[in-house]
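J.: Structure of the sequence below:
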Amino acid sequence: MNARACAVVLASVVSLLPACRNRSQEVVVYTSVDQVISEPVLRDFEKQSGLTVRAVFDTEETKSTGVLNRLVAEAARPQADVFWSGDPVRPFVLIKRGLVAPYVSPNAASIPPTFRASDGAWTGFAARARILLVNKNRLSGSPMPRSVRDLADPRWRGSTAIANPLFGTTTMHVAALFGTWGEEQGRTFLQALRENQVRVASSNGEVKRLVVAGEVVFGLTDTDDAQEALAGGAPVEVVFPDQEGQGTLVMPTTVSLMKGSPHPDAGKKLVDFLLQPEVERRLAETAAHLPLRAGVQTPPGVKRASDFKAMQVDYARIADEMERMQPWVKSWVGL
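T.: Sure, this is the predicted structure:
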């Protein structure tokens, strides 16, 4: 090879070095947590770690399923290091397929065992809960509803709302009830809702709107939607249901390390960062998420999971129940 050819080859190799170096200093995260919530946290990680974060977010149209389907499709050649899920059920789709690398973060020790896998396949933090949002002006002296079963109470006929149980956290909630009560009681409850003329809204946000506008007396929604109503000065009250019985369903966000990921060490650093108490505190302030740790400070109106009775559930079983009950729920909805 002549001198000029050698120089060209050398220049080409040198030009590639920065790109290689940069690629080795990054971490790739797929997340179904709303971008407005997750992106600032990831930017903080960049500043503290010196690593570059490449994030893939779900869109509103593919909520909770877009990045999940992508992770499954990329199984033969993983592109993501970390999956940050907006709920505790989606990770089990990946776990069943052997796509998760168990990792027990040292920062997970203070999280209650109920909200994490013992082998580190998934770890929960910063949760939402399923609550009743009540319009106080519409109660008209009636007792405050205290249970999800009150949605089927004839005195509230035509005056309650839930989001479509085929989507989002309502699907998870119905699956949790089926798992706790048994299929027969679960079906009976949904049929009672139908007979009681419950309004089936397009989303939890729409349930919030119906309650705030006084179009219904109360509805079943998530704590973050309820907090928005309270912050807006609406005449509403939040009820954590079934505190004398089964408890309130808690839905932590979760984080998992992906098997065969391109940057496993960087992925572990991101997992460790997300599981810090400080991140739970921040998400309580910015997104009304409930810390799972008892000692994390929260702003006014935001509870910790330790402040109320949580429903005891097996999230893996909920994942199975969601899949099994789907055909029947479709017929209930009218599809």
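J.: on contacts alone, who are the packing partners of the particular helix or strand that has Arg130 in it?
T.: Element membership for Arg130, per DSSP states H and E: strand 123-135. Contacts defined by 3 or more C-beta pairs under 8 Å, 6 or more residues apart in numbering; DSSP states H and E place strand 123-135 against helix 168-181, helix 204-212, strand 218-222, helix 223-231, strand 236-239, strand 250-257, helix 277-287. Any C-beta I mention is one placed from the backbone N, CA and C, and that applies to glycine too.
J.: Relative to Leu190, which of these is closest?
T.: For Leu190, the closest of the helices and strands packed on strand 123-135 is helix 168-181, at 7.2 Å, according to C-beta to C-beta.
J.: going on from that closest one, what's the next piece of helix or strand?
T.: Counting by DSSP H and E, what follows helix 168-181 is helix 183-195.
J.: tell me the angle that next one makes with helix 168-181.
T.: 130 degrees (axes from the mean of the first three to the mean of the last three C-alpha atoms, to 10 degrees).
J.: So Ile95: helix, strand or coil?
T.: Under the three-state scheme (DSSP: H, G, I helix; E, B strand; the rest coil), Ile95 adopts helix.
J.: Begin at 24, not 1, for the rest of this chat.
T.: Yep, numbering from 24; the last one is Ile118 now.
J.: need the contact list for the residue nearest to it when sequence neighbours are not counted.
T.: In space, Ile118 comes closest to Ala144 once its chain neighbours are excluded; the distance is 5.3 Å by C-beta to C-beta, 6 or more residues apart in numbering. Ala144 is in contact with Pro114, Ile118, Val123, Pro125, Ser279, counting by C-beta atoms under 8 Å, 6 or more residues apart in numbering.
J.: sorry, back to before: now mean neighbour count too, for the helices and strands packed on strand 146-158, in a markdown table please.
T.: Shown next, in a markdown table, are those (neighbours: other C-beta atoms under 10 Å):
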| stretch | mean neighbour count |
| --- | --- |
| helix 191-204 | 22 |
| helix 227-235 | 23 |
| strand 241-245 | 28 |
| helix 246-254 | 20 |
| strand 259-262 | 19 |
| strand 273-280 | 27 |
| helix 300-310 | 19 |
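J.: between these, which gets nearest to Ala78?
T.: Among the helices and strands packed on strand 146-158, strand 273-280 sits nearest to Ala78 (C-beta to C-beta), with 13.2 Å.
J.: Return the alpha-carbon coordinates of that closest one using CSV.
T.: Extracted in CSV, the C-alpha atoms of strand 273-280 (Å, rounded to 0.1, in the frame of the first residue of the first chain):
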residue,chain,number,x,y,z
VAL,A,273,-51.6,0.7,43.5
MET,A,274,-49.9,0.8,40.1
PRO,A,275,-46.2,1.5,40.3
THR,A,276,-44.1,2.5,37.3
THR,A,277,-41.4,-0.2,36.9
VAL,A,278,-37.9,-0.5,35.5
SER,A,279,-36.2,-3.6,33.9
LEU,A,280,-32.8,-4.2,32.4
